[in-house]
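# Have a look; sequence and predicted model below, questions after that.
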Amino acid sequence: MKTAFITGANKGIGFETAKQLLQKGLYVYIGSRNLESGLQAVEKLKAENLTNVEAIQIDVTDDNSVKNARTEIGKKTDSLDVLINNAGINGGAPYTALEASSEQFLSAFNTNVFGVARVTQAFIDLLKKSPEPRIVNVSTSVGSLTLQSDPNWFGYNFAKYAVYGSSKSALNMFTVHLAYELRDTPFKVNAVCPGYTKTDFTGFNGGEVEEAGKRIVKYALLDKDGVTGKFISEETNPTTGEIDW
């Protein structure tokens, strides 16, 4: 049975992704900063007869918490097939480059970039033991330098979140380097935008969470011929999914 670990999976897109992976027969570890929230998420899934699931406490901004999560999962499995770095924050208001505080930037980068690096480095040994390891870094089209500088992009005049966008652009760069370093291995590493989705993150505006989860799951379960080192936004490019960085 394949195994997957998803950070920030107690609610929203992370929870939906966990649900869909369980439906496809994977064993899923739900990462949650608050263990009680994770346990509640597990109970919701088990109520739907999705029983191959466990909650793991993890704060991606804390080195010891990440190490403890790695230890806990290591007690339960010898390998990990899928890592989905989903935990993220928007940095809070004000959102503009001239008004956002340094604390906002530090907080967003600590979760959205440094947190992904911490988790990936902590779990890479388990992933390397999988015959088909997959890493999905949950990103956003808002982090595309190309789109943000294109006046013809539909989000040009309203998707201006300097803190969040900057952190996701940095995450994209991390993804490029990670994919490069793992290029001659069975790994598939991609940055995937789930799209603007109805969750508490967006004030429950946008598309359906089921579609967002489906987009992530697709790249978490790529076959050996799947893409790697790509930036994917099927919302932006429904044809191939690939968009410019």
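Thanks, I have it. Residues are numbered from 1 along each chain as shown.
# okay, and for the protein, where does confidence drop off?
Judged by pLDDT under 70, the chain has its weakly predicted residues at 198, 200-203, 205-207.
# Next, please give the residue ranges for the helices of it.
In order along the chain, the chain carries the following helices (DSSP state H): 12-23, 35-46, 63-76, 102-109, 115-128, 145-148, 162-181, 209-220.
# Buried ones in stretch 67-85, by neighbour count?
Asn68, Ala69, Arg70, Ile73, Thr77, Leu80, Asp81, Val82, Leu83, Ile84, Asn85 (16 or more other CB atoms under 10 Å). In short, each C-beta sits where N, CA and C put it, glycine included.
# What distance do you get for the first one to Lys76?
When distance is defined by CB to CB, to the nearest Å, Asn68 is 13 Å away from Lys76.
# ok, now the last one?
The spacing between Asn85 and Lys76, counted by CB to CB, is 20 Å.
# just the second one next, same as before
Separation of Ala69 from Lys76 (CB to CB) stands at 11 Å.
# hmm, back to that, among the helices of the chain, which is the most enclosed?
For those, the largest average neighbour count (mean count of other CB atoms under 10 Å) is found in helix 12-23, namely a mean of 23.
# angle of that one against helix 35-46?
Helix 12-23 and helix 35-46 are oriented at 40 degrees to each other (axes from the mean of the first three to the mean of the last three CA atoms, to 10 degrees).
# Now the phi/psi pair for the closest residue to Pro94 other than its chain neighbours, please.
Spatially, and ignoring its direct neighbours in sequence, Pro94 is nearest to Ala100 (5.6 Å; CB to CB, 6 or more residues apart in numbering). Comment: the main-chain dihedrals of Ala100 come out as phi -60, psi 140, following degrees, to the nearest 10.
# Would you mind listing the residues in contact with Ala100?
Residues counted as contacts of Ala100 (CB atoms under 8 Å, 6 or more residues apart in numbering) are Gly91, Pro94, Ala162, Val163.
# Go through these and name the one nearest Thr146.
Taking CB to CB as the measure, Thr146 lies nearest Ala162 of the contacts of Ala100, at 16.8 Å.
# got the contact list for the closest one?
By CB under 8 Å, 6+ apart, the residues touching Ala162 are Tyr95, Thr96, Ala97, Ala100.
# can you rerun that using 10 Å?
Contact criterion CB atoms under 10 Å, 6 or more residues apart in numbering gives Gly91, Pro94, Tyr95, Thr96, Ala97, Leu98, Glu99, Ala100, Gln104, Phe105, Ala108, Gln148 as the residues in contact with Ala162.
# in the sheet, who's paired with Leu136?
I think there's a mix-up here, since residue 136 is Val and not Leu. Applying DSSP bridges to Val136 yields these beta-bridge partners: Ile84, Asn190.
# what about it, distance to Asn49?
Between Val136 and Asn49 the computed distance is 26 Å (CB to CB).
# same thing with Gly155?
Using CB to CB, Gly155 is found at 39 Å from Asn49.
# again with Gln57
Look at Gln57 and Asn49: by CB to CB, they are 25 Å apart.
# Which of those two has more residues huddled nearby?
The neighbour count for Gln57 versus Asn49, taken as other CB atoms under 10 Å, is higher for Gln57 (17 against 7).
# nearest spatial neighbour of the more buried one, skipping sequence neighbours?
Counting by CB to CB, 6+ apart, the nearest residue to Gln57 once its immediate chain neighbours are dropped is Leu35, at 4.1 Å.
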